[in-house]
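Visitor: Here you go, sequence then predicted model.
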Amino acid sequence: MKIFCIGKNYADHAAEMKSEVPTTPLVFMKPSTALLKDKQPFYHPSFSNEIHHEIELVLKFGKNGKSIQPQFVLGYIESYTLGLDFTARDLQQSCKEKGYPWEIAKSFDHSAVIGDWMPFENQKFMNSSFYLNLNGSQKQAGSPKDLIFGLEKLIEYISSIFTIQKGDLLFTGTPSGVGPVKIGDKLEGYLDDIKVLHCDIK
Ligand code: MG
């Protein structure tokens, strides 16, 4: 199982990172060992002093595909939920400065938190909205309508390079408002006002 992730897919987040909006999707991956599900707690790793929350819409693929044409993309999506793309921002900054890959900052154990799955239905998905609460106060909010690269473009692009396999996940990028978490924090993700994600930082 692979976890595809997209960087800088909301203009407001690219702006807060002082980054340009990319002209093609910015893709990276996490290994299956990055997955954290079933509302398990996240244990803050000692190798970073700045783990940031990034709330994201996450898709699960229901079948294998390669070089998928845009008009067929939606048929490959089985379900969706919210996820957290935990990011060691201090390590990522250091990698960026050196021009190094990001894996140590993005792909560590339990850096890909996922919530409860909902069956994918495109109209419902496109009209959805989501937000993240940190200790009860809202930190991030977004909607699929704000994605720079929508599902058709993302999946056409990814599948032109990588074979998509049933069960693979796609983290679609985070809106603005990312910030640090600390031990004792409580993160809750709401999709259409339904709490689908819960993660305690320990
Ligand atoms: Mg992200």
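Guide: Happy to help now that I have it.
Visitor: which non-adjacent residue is nearest the closest residue to the ion within the chain?
Guide: The ion sits closest to Asp85 of the chain, with a gap of 3.5 Å, by CB to the ion. Quick note: C-beta positions are derived from backbone N, CA and C, even for glycine. Nearest residue to Asp85 in three dimensions, chain neighbours excluded: Glu54, at 4.1 Å (CB to CB, 6 or more residues apart in numbering).
Visitor: One more: Phe171?
Guide: Phe171 sits nearest to Cys5 (CB to CB, 6+ apart), 4.2 Å away.
Visitor: right, is stretch 115-135 up against the ion?
Guide: No. Residues of stretch 115-135 contacting the ion under CB under 5 Å from the ion: none, with a closest distance of 12.2 Å.
Visitor: Buried residues, that stretch. List them.
Guide: Buried residues in stretch 115-135, counted by 16 or more other CB atoms under 10 Å: Gly115, Asp116, Met118, Phe120, Phe125, Ser128, Phe130, Tyr131, Leu132, Asn133, Leu134.
Visitor: what residues does the chain put near the ion?
Guide: Glu54, Asp85, Thr174.
Visitor: Serialize the residues you listed to TSV and add fields for secondary structure, neighbour count and pLDDT.
Guide: Converted to TSV, these look like this (DSSP: H, G, I helix; E, B strand; the rest coil; neighbours: other CB atoms under 10 Å; pLDDT from 0 to 100):
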residue	secondary structure	neighbour count	pLDDT
Glu54	coil	24	98
Asp85	strand	26	98
Thr174	coil	30	97
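Visitor: Generate TSV for these, with distance to Ile161 as supplementary columns.
Guide: Output for the residues of the chain next to the ion, formatted as TSV (distance: CB to CB, whole Å):
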residue	distance to Ile161
Glu54	23
Asp85	20
Thr174	22
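Visitor: Just the buried residues of the helix-or-strand element of the chain with minimal mean pLDDT, please?
Guide: The helix or strand of the chain with the poorest confidence is helix 11-16; it has a mean of 91 (mean pLDDT, DSSP states H and E). Residues of helix 11-16 classed as buried by neighbour count (16+ other CB under 10 Å): His13, Ala14.
Visitor: Now do the contacts for Val73.
Guide: Leu151, Glu152, Ile155, Glu156 (CB atoms under 8 Å, 6 or more residues apart in numbering).
Visitor: Return the closest of the residues you listed with respect to Ile201.
Guide: Closest to Ile201 out of those is Leu151 (30.5 Å), distances taken as CB to CB.
Visitor: Can you show me the helices along this protein?
Guide: 11-16, 89-98, 103-106, 122-126, 151-161 (DSSP state H).
Visitor: Would you single out the least confident of the ones you listed?
Guide: Mean pLDDT across those is lowest at helix 11-16; the value there is a mean of 91.
Visitor: How far does it sit from its chain's centre?
Guide: Relative to the chain's own centre, helix 11-16 is displaced by 15 Å; criterion: CA atoms, centre = their mean, to the nearest Å.
Visitor: who's in contact with that helix?
Guide: Applying CB under 8 Å, 6+ apart, the contact partners of helix 11-16 are Lys8, Glu20, Val21, Pro22, Asp146, Ile148, Gly173, Thr174, Pro175, Ser176, Gly177, Val178.
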